[in-house]
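Trainee: what follows is a predicted protein model with its sequence.
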Amino acid sequence: MKYAAKIGGIKLAAGAAWANYGSSSDSNDNRINGSFSLLHDSGFNGTFAAGQRKFKDDAGDDGKFYYAKFGYIAKKWCPYGDTALSIDYGNFKDQDYNGDDLTTVGLQFVQNLKDLGTEFYVGYRYHNLDNLDRTGKAFDNINSFMSGFRVKF
């Protein structure tokens, strides 16, 4: 299910989904998730998403997640095109292993190069996985950096 509208100076987009795996999965029973995004004419924007996955094995916890992003799109910072900045946060529980608790935080920068049909991007992401149920196992935090170009055809 999808929804999109423009209300005053705000663009809104939302979606929701539900799946019942039936006999096509030995471990997943059903899943529900949804998200919505807002973009204000000023350039400020945000996104929120959440979901839950129910497992057929009642011994474990259901998998859950939520994610939020806040950003700004500047129209006049650079003569080549729009400049976008954002920060996001996500928390994912019991997705792969019962007791898992993954936290991730990201910072992103995108420069649109309008005349070239290209975007230059740089991003940083931090991941932390905790699980007190995995006795004797410790997980290192992960810091990742990425950059590149996206060419639109």
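Mentor: Everything's here; your move.
Trainee: which strand or helix spans the residue positioned nearest the centre of the chain?
Mentor: Central residue check for the chain by Cα atoms, centre = their mean: the C-alpha nearest the mean position is that of residue 67, 5.4 Å away. Per DSSP states H and E: residue 67 is located in strand 63-74.
Trainee: can I get that strand as PDB, trimmed to CA atoms?
Mentor: The C-alpha coordinates for strand 63-74 follow below in PDB (Å, rounded to 0.1, in the frame of the first residue of the first chain):
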ATOM      1  CA  GLY A  63      12.500  -9.500  15.000                       C
ATOM      2  CA  LYS A  64      11.900  -5.700  15.200                       C
ATOM      3  CA  PHE A  65      13.500  -2.600  13.700                       C
ATOM      4  CA  TYR A  66      13.100   1.100  13.600                       C
ATOM      5  CA  TYR A  67      15.000   3.700  11.500                       C
ATOM      6  CA  ALA A  68      14.900   7.500  11.400                       C
ATOM      7  CA  LYS A  69      16.700  10.000   9.200                       C
ATOM      8  CA  PHE A  70      16.800  13.700   9.300                       C
ATOM      9  CA  GLY A  71      18.200  15.800   6.400                       C
ATOM     10  CA  TYR A  72      18.500  19.100   4.600                       C
ATOM     11  CA  ILE A  73      18.700  19.800   0.900                       C
ATOM     12  CA  ALA A  74      20.300  23.200   0.100                       C
END
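Trainee: after that strand, next one along is what?
Mentor: Immediately after strand 63-74, counting by DSSP H and E, sits strand 83-93.
Trainee: show me the contact partners of that following strand.
Mentor: 45, 47, 61, 63-74, 77, 100-112 (Cβ atoms under 8 Å, 6 or more residues apart in numbering). Backbone N, C-alpha and C define where each C-beta goes, glycine included.
Trainee: pairing partners for it, with directions?
Mentor: Here strand 83-93 is paired, per DSSP bridges, with strand 63-74 (antiparallel), strand 101-113 (antiparallel).
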